[in-house]
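In: Let me see the structure of the following:
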Amino acid sequence: MVQISGGQAVVQTLISLGARAGFGVPGESYLAVLDAFCDAPDFHFIGCRNEGGAAFMAEAWAKLTGEVGLCFVTRGPGATNASIGVHTAMQASTPMLLFVGQVGLEHQGREAFQELDYRQVFGPIAKYATEITDLSRTPEIIRRAWSLAISGRPGPVVIALPEDILTQSADMKIPTTRILAPKSAAVAADLAQLAEKLQTAQRPVILAGGGRWDSQDRGALRACANKLNIPVVTGFRYHDLFDNTDPLFVGEAGVGMTANTKRILTEADLVLAVNLRFGEMTTHAFTLFGTDRGDQWIAQSHRSGDEFHKFVAPDLSMICDPAPLLNGLASRLEQAGMSHDPAWAKSARAGFISAQTAKAQPSPVDMGVVTSTVQAMLPEDAIVTNGAGNFAIWPNKFLQFSQQQRLLAPQSGAMGYGLPAAIAAKVAYPERCVLCFAGDGDFQMNCQELGAALQADARPIVLIVNNGSYGTIRMHQERHFPRRVSGTEMINPDFTALARAYGFHAERIERTEEFADAFARALASPTGAVLDLNVASEAITPGMTIADLQALSES
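Out: Numbering: from 1, shown residues only. Have a look, this model is predicted:
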């Protein structure tokens with residue numbers, strides 16, 4: 001037992017659990033934690049410019065590294081700013097801890113300065129919210145929060161830290177045992193039933209998604225699909241779970257689901273949903289996999305039993321990790337003993353490939369050409385990030401992620417995610433190429449985090465798809481209220497001047513033919529890069545122009 005402060009107990013407990021880094025904005029409500037960082041040289045605290053950006057960084061760190069993301073913010077405004085990252089972590093099933101400085105216990109309940117009840121504020125959007133009210137229980141509560149974040153369906157946990165708890169001292173012992181995520185194996189009877197169904201299926205498909213896939217899970221997915229020749233569709237923005245260059249990768253079930261992906265998911269007579277939470281995107285706005293699906297047989301696995309029967313009623317539900325399920329199937333089945341039509345996987349792949357070529361865009365910079373150029377020039381272990389908006393269609397529908405490449409993108413549809421996520425990726429893997437796709441509106445949600453990138457020397461490449469518009473909203477305006485533009489046009493600053501002010505290499509790309517050389521310079525830049533792309537608002541989506549939308553709405 002050693003006498004330490006509450007702030008020291010917080011930091012020492014996290015380090016004992018294996019924490020290496022955290023993101024945040026400093027605040028006087030948790031000064032004792034900031035002070036304790038001074039005695040933890042191996043823990044890297046990355047100071048951010050806004051709590052929303054910090055929370056996005058923590059979520060992206062966790063998604064990329066498989067560790068628990070850590071975010072530290074001050075009370076009241078700091079906490080509410082960070083809530084967007086908590087919501088994003090919950091939607092993506094990402095393990096994360098948000099530490100919030102809190103009003104001292106002696107002042108609570110009086111609406112003290114910046115006081116909030118964090119259990120009520122975060123209860124609906126976090127997996128769990130708690131507060132440390134007994135100094136001696138600080139290690140216990142943090143360890144429980146860590147366990148909750150990584151167990152079952154992973155997610156964010158919020159811990160309020162009253163200021164007086166952090167500054168007081170007591171005799172405490174910090175446990176040194178690590179907390180590992182519990183593993184669940186598939187039940188033998190379920191494996192036998194699923195194997196039997198797969199043997200007789202004509203058109204099976206694997207639909208994979210959800211959080212906390214590790215290397216064993218990914219390897220098991222690749223091995224099982226290839227051994228049994230079953231095509232794979234990934235969930236919304238989970239492209240990197242399966243090598244997109246593999247002949248068995250046939251698409252992603254997300255926003256703007258392609259006709260081929262919808263066909264595959266509709267015509268499949270057996271759908272094996274692995275670790276997947278059936279949501280609006282994967283079900284094409286709740287039109288797929290419903291009670292009218294005919295003879296389609298669905299097996300769903302997830303780490304949490306809470307994810308069954310939310311909308312889809314699976315014929316077989318299994319609480320288990322991906323690897324035991326997929327390895328169990330691969331050990332029970334041989335491709336030669338299966339009945340599925342070999343043309344099924346080939347036709348699904350052919351449909352995916354045919355959708356990979358975008359038509360020429362009516363724009364000074366053609367994003368179809370840009371994306372194909374990026375595809376050819378990206379390193380094999382590159383990390384790609386994006387926020388939300390129509391611009392994200394380009395990396396989400398037209399890039400193919402190879403086995404070592406990663407995608408960090410928000411299942412919540414949060415704008416402003418891409419740049420903080422890219423910075424977090426550079427902190428985690430400074431030697432790897434990190435590329436962020438951002439819209440001009442999306443970029444300006446968190447462009448101030450270029451300062452965090454400069455300070456941490458974690459500078460990615462950013463492509464700004466600059467069309468002077470909130471493109472997604474403009475698209476919906478033209479569909480529903482053609483030619484009545486309101487609130488969606490943007491007057492932007494000089495993004496290159498802004499980027500240079502933060503120490504980045506920066507260029508304005510006026511024409512498509514300028515991009516390849518500029519991107520090569522960006523890849524070679526030791527200071528990261530921001531490329532501002534001159535894109536016409538008329539090219540509102542890869543397949544539709546504003547004129548097309550207006551004509552449709554008026555027909």
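In: What are the boundaries of the strands in the stretch 351-500 of the chain?
Out: If DSSP state E, counting those that start in this stretch is used as the criterion, the strands of the stretch 351-500 of the chain fall at 383-386, 406-408, 434-439, 461-466.
In: Mind putting those strands into JSON lines with distance to Thr357?
Out: (C-beta placed from N, C-alpha, C; glycine too.) Below are those laid out as JSON lines (distance: least, C-beta to C-beta, whole Å):
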{"stretch": "strand 383-386", "distance to Thr357": "19"}
{"stretch": "strand 406-408", "distance to Thr357": "20"}
{"stretch": "strand 434-439", "distance to Thr357": "19"}
{"stretch": "strand 461-466", "distance to Thr357": "19"}
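In: Figure out which of these is closest to Ala225.
Out: With C-beta to C-beta as the measure, strand 406-408 is the member of these nearest Ala225 (18.6 Å).
In: Rounded mean pLDDT for that closest one, please.
Out: Mean per-residue pLDDT for strand 406-408: 96.
In: what do you get for stretch 356-372?
Out: The average pLDDT for stretch 356-372 rounds to 92.
In: the helices in the stretch 401-550 of the chain, which residues?
Out: For the stretch 401-550 of the chain, the helices defined by DSSP state H, counting those that start in this stretch cover 418-428, 440-445, 450-456, 471-480, 495-501, 515-524, 546-554.
In: most packed of these?
Out: Mean neighbours per residue, mean count of other C-beta atoms under 10 Å, is largest over the helices of the stretch 401-550 of the chain for helix 418-428, with a mean of 30.
In: Can I get that helix as CSV, trimmed to CA atoms?
Out: Output of helix 418-428 as CSV, limited to C-alpha atoms (Å, rounded to 0.1, in the frame of the first residue of the first chain):
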residue,chain,number,x,y,z
GLY,A,418,-11.5,11.9,-40.8
LEU,A,419,-8.8,14.4,-39.8
PRO,A,420,-8.7,13.5,-36.1
ALA,A,421,-8.8,9.8,-37.0
ALA,A,422,-5.8,10.3,-39.4
ILE,A,423,-3.9,12.1,-36.7
ALA,A,424,-4.5,9.3,-34.2
ALA,A,425,-3.4,6.8,-36.9
LYS,A,426,-0.1,8.7,-37.3
VAL,A,427,0.4,8.7,-33.6
ALA,A,428,0.0,4.9,-33.5
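In: Out of the strands of the stretch 351-500 of the chain, flag the one nearest Gln335.
Out: Of the strands of the stretch 351-500 of the chain, nearest to Gln335 by C-beta to C-beta is strand 406-408, at 29.3 Å.
In: picking that back up, JSON lines for the strands of the stretch 351-500 of the chain, including distance to Leu531 and mean neighbour count?
Out: Output for those, formatted as JSON lines (distance: least, C-beta to C-beta, whole Å; neighbours: other C-beta atoms under 10 Å):
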{"stretch": "strand 383-386", "distance to Leu531": "14", "mean neighbour count": "29"}
{"stretch": "strand 406-408", "distance to Leu531": "19", "mean neighbour count": "23"}
{"stretch": "strand 434-439", "distance to Leu531": "10", "mean neighbour count": "29"}
{"stretch": "strand 461-466", "distance to Leu531": "5", "mean neighbour count": "28"}
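In: Which among the ones you listed is found nearest to Val233?
Out: strand 406-408 (15.0 Å).
In: Partner strands of the closest one, with direction?
Out: Sheet pairing of strand 406-408 (DSSP bridges) gives strand 383-386 (parallel).
In: Distance from the chain centre to the partner strand, please.
Out: 10 Å (C-alpha atoms, centre = their mean, to the nearest Å).
In: what do you get for stretch 359-372?
Out: The answer for stretch 359-372 is 26 Å, by C-alpha atoms, centre = their mean.
In: quick one: Ile159 is in a strand?
Out: Yes - using DSSP: H, G, I helix; E, B strand; the rest coil, the assignment for Ile159 is a strand.
In: For it, give its distance to Val86.
Out: 12 Å (C-beta to C-beta, to the nearest Å).
In: Show me which of the two is the more surrounded one.
Out: Per other C-beta atoms under 10 Å, whichever of Ile159 and Val86 has more neighbours is Val86, with 28 against 23.
In: one step back: can you put the helices of the stretch 401-550 of the chain in JSON lines and add distance to Gln8 and mean pLDDT?
Out: JSON lines is the format used below for those (distance: least, C-beta to C-beta, whole Å; pLDDT from 0 to 100):
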{"stretch": "helix 418-428", "distance to Gln8": "24", "mean pLDDT": "98"}
{"stretch": "helix 440-445", "distance to Gln8": "35", "mean pLDDT": "94"}
{"stretch": "helix 450-456", "distance to Gln8": "24", "mean pLDDT": "97"}
{"stretch": "helix 471-480", "distance to Gln8": "46", "mean pLDDT": "75"}
{"stretch": "helix 495-501", "distance to Gln8": "38", "mean pLDDT": "98"}
{"stretch": "helix 515-524", "distance to Gln8": "43", "mean pLDDT": "98"}
{"stretch": "helix 546-554", "distance to Gln8": "58", "mean pLDDT": "76"}
